[in-house]
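> Take this sequence and fold it.
(one chain, ligands or ions: 1)
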Amino acid sequence: MISDYDCYLLDMDGVIWINGKEIPGSIEIVNHLHDMGKVIVFLTNNSTKSRDKYVEALREIGVSWVKRKNIVSSAYVAARYLSDLAKRCYVVGEAGLVEELRLAGLSVLNESSAWSSGADAVVVGMDRNFNYMKLWTAMKLILEGSLYVATNTDRNFPTERGLAPGAGTMVAAVSSGAGMSPTVVGKPSEHMFYEALRCGNDGKVLMIGDRAETDILGATRMGIDSAFVLSGAGKIEDLKALGLKPRYIAKDLRSLFHDFT
Ligand SMILES: [Mg+2]
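Residues are numbered from 1 along each chain as shown. Got it, this is the predicted structure:
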């Protein structure tokens, strides 16, 4: 049964909300699971917000019990990954990514310091102010030997106006210029799942997500059961294309718990 798991890894965009607007019924399910004593970890590839901002946003839509430890974002995982490997970073990304890197003790360089003194690492994530100079700076540093880390490679994400370009489009531009591929820390990478399991690794784990190539692929590689919901960006055909067979498939989070209980 769907409620037999001890820990639920919940993707956010396309599972509990779309652009911060609740997918009907999802918060009730999340709170119900919490009331049953389940461990819940919100797992998102979206690097634009810090964990504290996700906590605020979740509390605003009715998840009053949520704490920083319940959030694993690709920005946080990038910061954890780099904390032992680098000191000075150049970031193509937004405030949430910068904040997580700083919380992990890394210094974030501006463009002119990066050009004059170089960086240990370049971190690329979603950046709605992406431009040519950022691309050039990132490319130059990577060619000079900086580590190259991407928060995630999601090509697009669902909005109320349809699909919008995701971090993967910016990573593709940087990779193309530098002729190199990054270490990706977000889903489907094991880095993200190890962080999530560190937060809630007791007993049976279920990953719930709306994307085959990140949520379901990552969980499958880790040997974790998964549930695919059709309330976000993914389609059934995406599963077939990747040869994936999640244990559960449902219209949305609410139907998942109603259909399989
Ligand atoms: Mg999603």
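
> how far does stretch 39-59 sit from the chain's center?
Relative to its chain's centre, stretch 39-59 lies at 9 Å (CA atoms, centre = their mean, to the nearest Å).

> Tell me the buried residues in the helix or strand hosting Gly96?
Using DSSP states H and E, Gly96 sits within helix 95-103. For helix 95-103, burial by neighbour count (16 or more other CB atoms under 10 Å) applies to Gly96, Leu97, Val98, Glu99, Glu100, Leu101, Leu103. (Glycine included, C-beta is placed from N, CA and C.)

> For the residues you listed, give me JSON lines that also has pLDDT and distance to the ion.
Shown next, in JSON lines, are the buried residues of helix 95-103 (pLDDT from 0 to 100; distance: CB to the ion, whole Å):
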{"residue": "Gly96", "pLDDT": "98", "distance to the ion": "16"}
{"residue": "Leu97", "pLDDT": "98", "distance to the ion": "18"}
{"residue": "Val98", "pLDDT": "98", "distance to the ion": "23"}
{"residue": "Glu99", "pLDDT": "98", "distance to the ion": "22"}
{"residue": "Glu100", "pLDDT": "98", "distance to the ion": "19"}
{"residue": "Leu101", "pLDDT": "98", "distance to the ion": "23"}
{"residue": "Leu103", "pLDDT": "98", "distance to the ion": "24"}
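
> Helix or strand with the lowest mean pLDDT in this structure?
Scoring the helices and strands of the chain by mean pLDDT, DSSP states H and E places strand 156-159 at the bottom, with a mean of 81.

> What's the first helix or strand after that strand?
Following strand 156-159 in sequence order, the next helix or strand is strand 162-165 (DSSP H and E).

> and that following strand, anywhere near the ion?
No: contact of strand 162-165 with the ion (CB under 5 Å from the ion) is absent, the minimum separation being 11.9 Å.
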